[in-house]
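Chemist: Sequence first, then the predicted structure, then my questions.
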Amino acid sequence: MTTRPASTDTGTGTGPAVPPSADEVRHPHVAPSLVWSDGAILVIDQRALPHETRWARLETVDEVVEAIRSLAVRGAPAIGLAGALGVALSARAHTADNGTTDMAAVRADAERIATARPTAVNLAWAVARVVERLPEGPDAVLRAAQEAIDEDITTNRRAAVGAADLVTAIQPDRPLRILTHCNTGRLATAAVGTALGAILELAARGRVAEVLVDETRPLLQGARLTAWELREAGVPYRLCPDSAAAAAMSRSMVDCVLVGADRIAANGDTANKIGTYALAVAAARHGIPFIVVAPESSWDPQLPDGSGIVVEERGADEVTTLGGVRIAPEDAPVFNPAFDVTPCELITAVVSESRVLRPSLKSDAAPDGETGARQSDNRAVSGHRIRAARALADYCRPLYARGWMPGTSGNLSVRLPGQPSRALITGSGFAKGSIGSADMVLVDAGTGRPVLPVGDGPRPSAETAIHAAVYRSADANAVVHVHSPYATALARRLGAADRLSWLALKDLELLKGLGLKDTTHADLPIFPNWTDVARIADDVAAYLSDCPGPPPVLFLADHGVTVWGRDLGQARNRLECVEAICQLLLLTGEPDTTRPAA
Ligand code: MRU
């Protein structure tokens, strides 16, 4: 920061609040929000933004505690780092000229700092980290705090890039509308930011159409700070009341929600700024990915789940007044929690500097059909995807009921509308009579490979490579593979184990049902059913690339039939025609309808 303060009266620090000098900024390539400066801590006083970029100088532990409590410095990583530097202040203050340190006094100060705000685990974590170095003397404590700052910048950068990669993988086809809450930018960290860091990374890649910024009642971190940071970075944004977020989602104005975290329990339950939970519920309702970006230091592995997270309750005046003006009756009782806890099953992914976790998959919450917890996970997110996933499940069940997908057999896939490079396919091993939308897997339509790490979630169908071969070369948006009895019987009777064979059809009215203009004849391929599915997929790909405008059907010897179409409905209708054709041939005893293709 180079802007000189408009005022030197910070109300927090005791010294003149000048911005840090170039020497004091250890990472000149990033804009810092807090630095060590000549025996004190300099922080951007976030209470003054966006009107004034003012630096506060903190020289005592009392000032550090007050700055954290009053939100002059705020955001989980930033308060941790300010706290760590606060311990360094204390260690210096309690070290005599002869070099002896009053450890008990420093530890008492450290305890006061660590408990200044209860929810963000980063505060106690960073304080404990530097207190460990106390026996080495005050300089070691300061060095440890500086290291924590350096590390914060590196970890934020990694997490931001990881989250940007994930979002890009989920939604590759167009610039995104991203909703964010509170402030998770450089102000909330040493520099770079977490969720907002990821948004800026996406913007740098040209992937952001607009950021929808929740104002974040009651202290307006979104309106005051995030809007300020986005404006500073030149990223297009619009501010909205918190209460408009769900409406924006319902109007397809949001592709993805990115937020930070103050404490993440071992199961992935995440505490963050009040209002985050409501966003997660609304995002799940609309099938929108909900992603938490936070450093590993935000995890609290001691807590099995979010029920043990202490949520800070703040003063009534934050709610009853606005800009210093009372907006509620004098004696209005108030409920003002600063944070809420989002259950892990509503979270698509938690991204840190070292991993992408999908906590919803770890949840042991029992799925309850279409509305179960697992529905919200990233196997079936975004409006298009949730609808496509439901359609797949809806098409599976009646085919199962007809006996065409016995047990767990058969698989269906569909390209995502508006995202033709992606397809959803039935997960492997699911009984098709009870499969749900959460059991579908997002894959690259051209390769069949899962788009997101599968973890312990469903794997794509073992026959995904065959679907991908069809998507690559045929005019298809949906592929249906079943073991319908007549088609399967004919494929067994006519197919060869080791070479391509054919079902040749002549003068069949039902050929119209396959979308073929010429109903006088059609040759349908029967592929060997190699145990190596990739080999079948290669055969199919080779056949389709040699055969422009093929009939939308292929058989697998001894196995079943695969049919495709412009959508699931058309593929299913075509399948019914194929099955009727095979039934007709078998019932009329015309096995000699087979002949080698010309
Ligand atoms: O009360 P605040 O403003 O400190 O709350 C901050 C948040 O909830 C942030 O989202 C969280 O700390 C992550 S900041 C990278």
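Modeler: Sure thing, it's come through.
Chemist: tell me which element residue 148 is part of?
Modeler: helix 138-170 (DSSP states H and E).
Chemist: Could I get the average pLDDT for the helix or strand just after that helix?
Modeler: Using DSSP H and E, the helix or strand that follows helix 138-170 in sequence is strand 176-180. The pLDDT scores in strand 176-180 average 96.
Chemist: what do you get for stretch 298-317?
Modeler: The model assigns stretch 298-317 a mean pLDDT of 94.
Chemist: Next: stretch 54-61.
Modeler: Across stretch 54-61, pLDDT averages out at 96.
Chemist: and that stretch, how far apart are its ends?
Modeler: 20 Å (Cα to Cα, to the nearest Å).
Chemist: now the angle from the helix holding residue 148 to strand 176-180?
Modeler: Relative orientation of helix 138-170 and strand 176-180, computed by axes from the mean of the first three to the mean of the last three Cα atoms, to 10 degrees: 140 degrees.
Chemist: by contact count, what packs against helix 138-170?
Modeler: strand 34-37, helix 76-93, helix 121-131, helix 195-204, strand 256-259, strand 290-293, strand 349-351 (3 or more Cβ pairs under 8 Å, 6 or more residues apart in numbering; DSSP states H and E). For every residue, glycine as well, the C-beta is placed using N, CA and C.
Chemist: Next, residue 536: secondary structure please.
Modeler: When classified by DSSP: H, G, I helix; E, B strand; the rest coil, residue 536 comes out as helix.
Chemist: Leaving out chain neighbours, which residue sits closest to it?
Modeler: For residue 536, ignoring the flanking residues on the chain, the nearest one in space by Cβ to Cβ, 6 or more residues apart in numbering is residue 530 at 5.3 Å.
Chemist: same check, this time on residue 586
Modeler: With Cβ to Cβ, 6+ apart, the residue lying closest to residue 586 is residue 486, at 5.6 Å.
Chemist: Output the set of residues of the protein in proximity to the ligand.
Modeler: Taking Cβ under 6 Å from any ligand atom, the part of the chain that reaches the ligand is made up of 71, 74-77, 120, 182, 184, 188-189, 194, 221, 260-262, 272-273, 338.
Chemist: OK, contacts around residue 526?
Modeler: Counting by Cβ atoms under 8 Å, 6 or more residues apart in numbering, residue 526 makes contact with 491, 494, 495, 496, 500, 501, 502, 503, 554, 555, 556, 557.
Chemist: where does the stretch 301-450 of the chain have low pLDDT?
Modeler: Residue ranges of the stretch 301-450 of the chain with pLDDT under 70: 360-383.
Chemist: Of all the residues in it, which one is nearest the ligand?
Modeler: Taking Cβ to the nearest ligand atom, the ligand has its nearest neighbour within the stretch 301-450 of the chain at residue 338, 5.2 Å off.
Chemist: Report how many residues lie close to the closest residue to that residue other than its chain neighbours.
Modeler: Of all residues not flanking residue 338 in the chain, residue 312 sits nearest, at 4.3 Å (Cβ to Cβ, 6+ apart). Residues near residue 312, counting by other Cβ atoms under 10 Å, number 16.
Chemist: Would you agree residue 312 is in contact with residue 117?
Modeler: Yes: assessed by Cβ atoms under 8 Å, residue 312 is found in contact with residue 117 at 5.7 Å.
Chemist: what touches both of those two?
Modeler: Joint contacts of residue 312 and residue 117 (Cβ under 8 Å, 6+ apart) are residue 338.
Chemist: Quick check: residue 424 is in a strand.
Modeler: Yes: under three-state DSSP, residue 424 sits within a strand.
Chemist: That one: what's it in contact with?
Modeler: Residue 424 neighbours (Cβ under 8 Å, 6+ apart): 380, 385, 388, 389, 392, 413, 414, 416, 440, 441, 442, 443.
Chemist: repeat that with 10 Å
Modeler: With contact set as Cβ atoms under 10 Å, 6 or more residues apart in numbering, residue 424 has these partners: 379-380, 384-386, 388-389, 391-392, 412-416, 437, 440-443, 445, 451, 460.
Chemist: ok so, going back, the helix holding residue 148: how far from the chain's middle?
Modeler: In terms of Cα atoms, centre = their mean, to the nearest Å, the centre of helix 138-170 is found 19 Å from the chain centre.
Chemist: buried set for it?
Modeler: 138, 140-142, 144-146, 148-149, 151-153, 155-167, 169-170 (16 or more other Cβ atoms under 10 Å).
Chemist: Same question for stretch 429-442.
Modeler: Buried-residue list, stretch 429-442, by 16+ other Cβ under 10 Å: 430, 432, 435, 436, 437, 438, 439, 440, 441, 442.
Chemist: Please flag which of the residues you listed sit within helices.
Modeler: Nothing among those maps onto helices, per DSSP state H.
Chemist: Among those residues, which pair sits farthest apart?
Modeler: Comparing every pair within the buried residues of stretch 429-442 by Cβ to Cβ identifies 432 and 442 as the most remote, at 18.9 Å.
Chemist: could you redo the buried residues of stretch 429-442 as TSV and give each row distance to residue 82?
Modeler: As requested, the buried residues of stretch 429-442 are exported to TSV (distance: Cβ to Cβ, whole Å):
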residue	distance to residue 82
430	50
432	56
435	51
436	47
437	45
438	42
439	46
440	45
441	44
442	41
